[in-house]
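Student: just a sequence and a predicted model for now, questions to come.
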Amino acid sequence: MTRIDFYILPDGAGPAAGPVMTACKLCDKATAGGHRVYVNSPDEAIAEDLDGALWSFQQGGFLAHERYDGEPLDEPLPSVLIGAVEPPESHHGVMLNLGLDVPDWFSRFERVLEIVAADAEARARSRERYKFYRDRGYELSTHKL
């Protein structure tokens, strides 16, 4: 069964501790552990910010990634894919959800990582997602950052 982790960002967190940089750190940790990551990002602006940040968040390096729109990609596939559509079979290890809703295909993943931003709307929507998962019996963990 899919394990769900919520990462709650602190109030007043600046860009260095915001959702995009937290996503970079979580992607880095997951790929270092040998996992492939699919970042669900329905918001194009956030996807663009994450795309840029993954190139530069590590001094002297980057995290290999590619945008995914449902079309076949050339091999070898990078460890991280960013998209808003159902991911390819190769990336069903870890999903990092940057969307405000639960994707229909979330249960195909071993783990789902939910980043909870500090603004009121994001917190309210994350509580809805938490309740959705809890009501269906998924194992939930919460991490205050």
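Tutor: Structure's in. What do you need?

Student: show me what counts as buried in the helix or strand that contains R134.
Tutor: Element membership for R134 (DSSP states H and E) is helix 120-135. Under the neighbour-count criterion of 16 or more other CB atoms under 10 Å, helix 120-135 has 125-126, 129-130, 133 buried. (Each C-beta comes from the backbone N, C-alpha and C, glycine too.)

Student: quick check, P72 in a helix?
Tutor: No. P72 is assigned coil when assessed by DSSP: H, G, I helix; E, B strand; the rest coil, not a helix.

Student: dump the residue contacts of it.
Tutor: Residues near P72 by CB atoms under 8 Å, 6 or more residues apart in numbering: none.

Student: any weak-confidence spans in this protein?
Tutor: 13-17 (pLDDT under 70).

Student: mind doing that once more with 80?
Tutor: 12-17, 59-61 (pLDDT under 80).

Student: quick one: the strands in it, in order.
Tutor: Secondary structure of the chain by DSSP state E: the strands cover 3-8, 37-40, 65-68, 80-83, 94-97, 111-116, 139-144.

Student: tell me which residue is most central in this structure.
Tutor: L96 (1.8 Å; CA atoms, centre = their mean).

Student: what's the distance between that one and Y68?
Tutor: Look at L96 and Y68: by CB to CB, to the nearest Å, they are 13 Å apart.

Student: what sits in contact with each of those two?
Tutor: With CB under 8 Å, 6+ apart as the test, L96 and Y68 both reach Y38.

Student: returning to that earlier point: now tabulate the buried residues of helix 120-135 in TSV and tack on distance to F62.
Tutor: Shown next, in TSV, are the buried residues of helix 120-135 (distance: CB to CB, whole Å):
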residue	distance to F62
R125	30
S126	29
R129	30
Y130	32
Y133	32
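
Student: out of those, who's nearest S56?
Tutor: S126 (27.3 Å; CB to CB).

Student: isn't that closest one right next to E114, touching?
Tutor: Yes. S126 is within contact range of E114, at 6.3 Å (criterion: CB atoms under 8 Å).

Student: anything in contact with each of those two?
Tutor: Here S126 and E114 share the contacting residues F6, scored by CB under 8 Å, 6+ apart.
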